[in-house]
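Asker: Predicted structure and sequence below. I'll ask about it afterward.
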Amino acid sequence: SVVAIFIILAITFKSFVIPIVLVLLIESAIWMNLSILYLQDTKTIGMTKDLKTYIENYYEDYYMIGAIQATENIKTLITEDQLMITLASVVAIFIILAITFKSFVIPIVLVLLIESAIWMNLSILYLQDTKTIFIGYIVVMAIQLGATIDYAVLMTTRYVENRKTLSPFEAIDFSYQKSFITIMISALVLSVAGFTEGLFSNISSVQDIGYLLGKGALISFIYILIFLPILLVILDKVLIIHFKSKKKSA
């Protein structure tokens, strides 16, 4: 496809780029509008960066617009916002879980487990050499964390309750059986909704988000079924000591 970059420049730049006959057609007394037509390919981004660097050496006031420039602006903003949004989401969920369980160990375990599932979801894109929109990362990371943390909360809550009367292995076995159907249904519903969005939407950005969300729900489901029981049993002594001390103090 052919797109255009419009750069508002002063007069000095004209002699280096275009003939004087064309300059008279596009410049005014104060501003000059320069349109550069090019084929959009892998070299385009490098070309626009070089052009921007060259312009900055001569002029203070200029504007660059176009598809490539808009993409670069979005990339820059999302890169800056990603860390802040991730930290804000993690801290908010950590506080909610800490208040709910009255423990600092359980929120750390659950949040790290779901975050690892999110990282695996995004890592698959890298392994498949698949490109997606920048905004998809932030959207999926927030939704996957908020939507799938409930699966881990359900199994952990059942484990803590059953651990009062059962051994660690008996408690996790009973909790696993009682939580499996509920967790599976929730994960499948979210996954099917995501894949349906990806399959039937005609907007590429919506398709990318749908596929990421669908895969993310399944990955979180698998992580919770495989790794959460192991973590709860390994950290059983820490959890039991905490709840026993809380019970005595009460």
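Answerer: Sure, I can see it. Numbers count the residues shown, from 1 in each chain.

Asker: where does this protein dip in pLDDT?
Answerer: Scanning the chain with the threshold set as pLDDT under 70 gives 1-46, 59, 63, 65-67, 241-250.

Asker: Strands of that one, residue ranges please.
Answerer: Secondary structure of the chain (DSSP state E): strands at 2-9, 32-39, 64-65.

Asker: what's the longest helix along the chain packed up against?
Answerer: Ranked by residue count under DSSP state H, the longest helix found in the chain is helix 67-101. With contacts defined as 3 or more C-beta pairs under 8 Å, 6 or more residues apart in numbering; DSSP states H and E, the packing partners of helix 67-101 are strand 2-9, helix 44-56, helix 105-127, helix 134-162. C-beta coordinates here come from the backbone N, C-alpha and C atoms, glycine included.

Asker: of all these, which lies closest to residue 227?
Answerer: For these, proximity to residue 227 was assessed by C-beta to C-beta; helix 105-127 is nearest, at 6.2 Å.

Asker: what angle separates that closest one from helix 67-101?
Answerer: Interaxial angle, helix 105-127 versus helix 67-101 (axes from the mean of the first three to the mean of the last three C-alpha atoms, to 10 degrees): 160 degrees.

Asker: now for helix 105-127, which elements pack on it?
Answerer: On a contact count with 3+ C-beta pairs under 8 Å, 6+ apart, helix 105-127 meets helix 67-101, helix 134-162, helix 204-234, helix 236-249.

Asker: Counting neighbours, what do you get for residue 141?
Answerer: 22 (other C-beta atoms under 10 Å).

Asker: List the contacts of residue 136.
Answerer: 205, 208, 209, 212 (C-beta atoms under 8 Å, 6 or more residues apart in numbering).

Asker: quick revisit: out of the helices and strands packed on helix 105-127, which comes closest to residue 125?
Answerer: helix 204-234 (7.8 Å).

Asker: List the buried residues in that closest one.
Answerer: 207-221, 223-225, 228-229, 232-233 (16 or more other C-beta atoms under 10 Å).

Asker: what's that helix packed up against?
Answerer: Counting contacts by 3+ C-beta pairs under 8 Å, 6+ apart, helix 204-234 is packed against helix 105-127, helix 134-162, helix 168-200.
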